[in-house]
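Visitor: Only the shape, not the letters, is given here:
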């Protein structure tokens, strides 16, 4: 849904810009990223129990990172489906057409940062990635 670089260095001679997290940790390439994860299929995705659709039964659905040096802050918002902890989504059932919004502040490792889920972590799943940024 959104990828926004928050710390762009100005091209002004003699001007320097510094960003610190909690007034102590210097941050370069600070991004705000936002994703919507939606069950577009016609079956429930079961997150707990013997009938779990997740390969990592009991360990949630992992969120993976690409081009991220560190995650500064991350949350699952606009949902009553899942809880986000330790970069994994924990839920009982994810019904068709339900969605989860993930928002994060991250420090990029230089290129555009990404969060993603792996289709192999959900049994018989097909993961479709749609880029709706700036639409």
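Guide: All right, it came through fine. Just so we're clear, the structure is a prediction, and the values are computed from it rather than from any experiment. Numbers count the residues shown, from 1 in each chain.
Visitor: I figured residue 52 was touching residue 46, is that so?
Guide: Yes: taking contacts as Cβ atoms under 8 Å, residue 52 lies within contact range of residue 46: 5.2 Å. Where you see a C-beta, it was placed from the backbone N, CA and C, and this is true even at glycine.
Visitor: quick one, what contacts residue 108?
Guide: 5, 29, 30, 31, 67, 68, 69 (Cβ atoms under 8 Å, 6 or more residues apart in numbering).
Visitor: which residues does the residue nearest the centre of the chain contact?
Guide: With distances taken as Cα atoms, centre = their mean, the residue of the chain nearest its centroid is residue 115 (4.3 Å). Going by Cβ under 8 Å, 6+ apart, residue 115 touches 33, 35, 63, 64, 65, 66, 68, 102, 104.
Visitor: which non-adjacent residue is nearest it?
Guide: Nearest residue to residue 115 in three dimensions, chain neighbours excluded: residue 63, at 5.3 Å (Cβ to Cβ, 6 or more residues apart in numbering).
Visitor: contacting residues for residue 117?
Guide: Counting by Cβ under 8 Å, 6+ apart, residue 117 has contacts 37, 61, 62, 63, 64, 127.
Visitor: just to revisit the earlier point, from the contacts of residue 115, pick the one nearest residue 25.
Guide: residue 68 (15.2 Å; Cβ to Cβ).
Visitor: For that closest one, give me phi and psi.
Guide: phi -120, psi 120 (degrees, to the nearest 10).
Visitor: that older thread, could you tell me which residues make contact with the residue nearest to residue 115?
Guide: 84, 87, 88, 89, 102, 115, 116, 117.
Visitor: And the pLDDT at it?
Guide: pLDDT, residue 63: 95.
Visitor: these two touch, right, residue 121 and residue 56?
Guide: Yes: if you go by Cβ under 8 Å, residue 121 and residue 56 touch, sitting 6.4 Å apart.
Visitor: if you look at the contacts of residue 115, which of them are in strands?
Guide: 33, 35, 64, 65, 66, 68, 102, 104 (DSSP state E).
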